[in-house]
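# predicted structure and sequence below. I'll ask about it afterward.
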Amino acid sequence: MYTYFMQIGMIPIKRDGYGMMNDPVIQLKNVHFRYNEELVLDGINLSVPEGAFVGIVGPNGSGKSTLLKLVLGLLKPVEGEILLFGQKQALFKRQERIGFVSQKANSFNSGFPATVFEVVASGLTRKVGMFRFLKRKDKLDVLQAIRQVGLEPYVNRKIGELSGGQQQRVFIARAIVAKPDVLILDEPTVGVDAKNVRLFYKVLTSLRKEMGITLLMVSHDIEALLNEATHVAYLNKELKFFGDTAEYKKVRMEKQFSYAGF
Ligand SMILES: Nc1ncnc2c1ncn2[C@@H]1O[C@H](COP(=O)(O)OP(=O)(O)OP(=O)(O)O)[C@@H](O)[C@H]1O
């Protein structure tokens, strides 16, 4: 327990009275999932504590993206259940509390006409409606999100003119502009150069520490992930390991397992 608190630092105070303080924000209970006949997830039990940065790792095809899709409600478990903020997923209506950054977010071509401001503002669609004008407060929120990812100088730049790493930060800004409690990321650093990967992780850590956003992220880049994640979930159809990062490193050293061959 002590290690856990050391790892995640201060536990942020919840911004509303929804659920108990320190409740797990995401819980999977005995979750099974199949695509047709193929069993892809086998009895997953996982609790993501509030304020944590949980990195999901595992070999190709081990079910990582599928797990995220289940948490996002895009797929339904064939057995078991998922709780979001202590509530059964089917009853959960506050989707704005969960932001998502996908793997393919940074694939804009240079001709794409929207500016950084416009892309980030599109993250407010659910809140303000598709064709409504942004109020002054909404515009300030958009600018604040852009500032949080360090892209202030690019506010009016076309997104297609930015690098892959910068585009990925624009998508983080879009995902956080509605002020979610949880941010889910699926391999967001694919194709991003090392310098931008470091910046990207710095942004994530500041979101967690300064805004109390809980992070759940799939990544193949395990060494970069281990520097910032508070917890690691190692998946290979079953959940082979879940614990704090220090414990993961220790077990990895003791058992001398490699990332690919745990
Ligand atoms: N839509 C689908 N229909 C059928 N099978 C699928 C579908 N999506 C994924 N699968 C299969 O389910 C398994 C898990 O896929 P998933 O994408 O969750 O793994 P992953 O760990 O995210 O892989 P990677 O690291 O390569 O992205 C794989 O065997 C994959 O081929």
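Cool, got the structure.
# against the ligand, how distant is residue 133?
39 Å (CB to the nearest ligand atom, to the nearest Å). (Glycine included, C-beta is placed from N, CA and C.)
# how many neighbours does that residue have?
The number of residues packed near residue 133 is 8, by other CB atoms under 10 Å.
# check which helix or strand it maps to.
In this structure, residue 133 sits in neither a helix nor a strand according to DSSP states H and E.
# over to residue 39?
strand 38-49.
# adjacent strands (with direction) for that strand?
strand 24-35 (antiparallel) (DSSP bridges).
# buried residues in the strand holding residue 39, which are they?
40, 41, 42, 44, 46, 47, 48, 49 (16 or more other CB atoms under 10 Å).
# please apply the same query to stretch 69-86.
Applying 16+ other CB under 10 Å to stretch 69-86 flags 69, 70, 71, 72, 75, 77, 80, 82, 83, 84, 85 as buried.
# quick check: the third one touching residue 82?
Yes: counting by CB atoms under 8 Å, residue 82 is a contact partner of residue 71 at 6.4 Å.
# what helix or strand is the residue nearest the centre of the chain on?
Closest to where the C-alpha atoms of the chain average out (CA atoms, centre = their mean) is residue 184, at 2.2 Å. Using DSSP H and E, residue 184 sits in strand 182-186.
# what's the helix or strand just after that strand packed up against?
For strand 182-186, the succeeding helix or strand toward the C-terminus, using DSSP H and E, is helix 194-211. When contacts are defined as 3 or more CB pairs under 8 Å, 6 or more residues apart in numbering; DSSP states H and E, helix 194-211 packs onto strand 53-57, helix 136-148, helix 164-176, strand 182-186, strand 214-218, helix 222-228.
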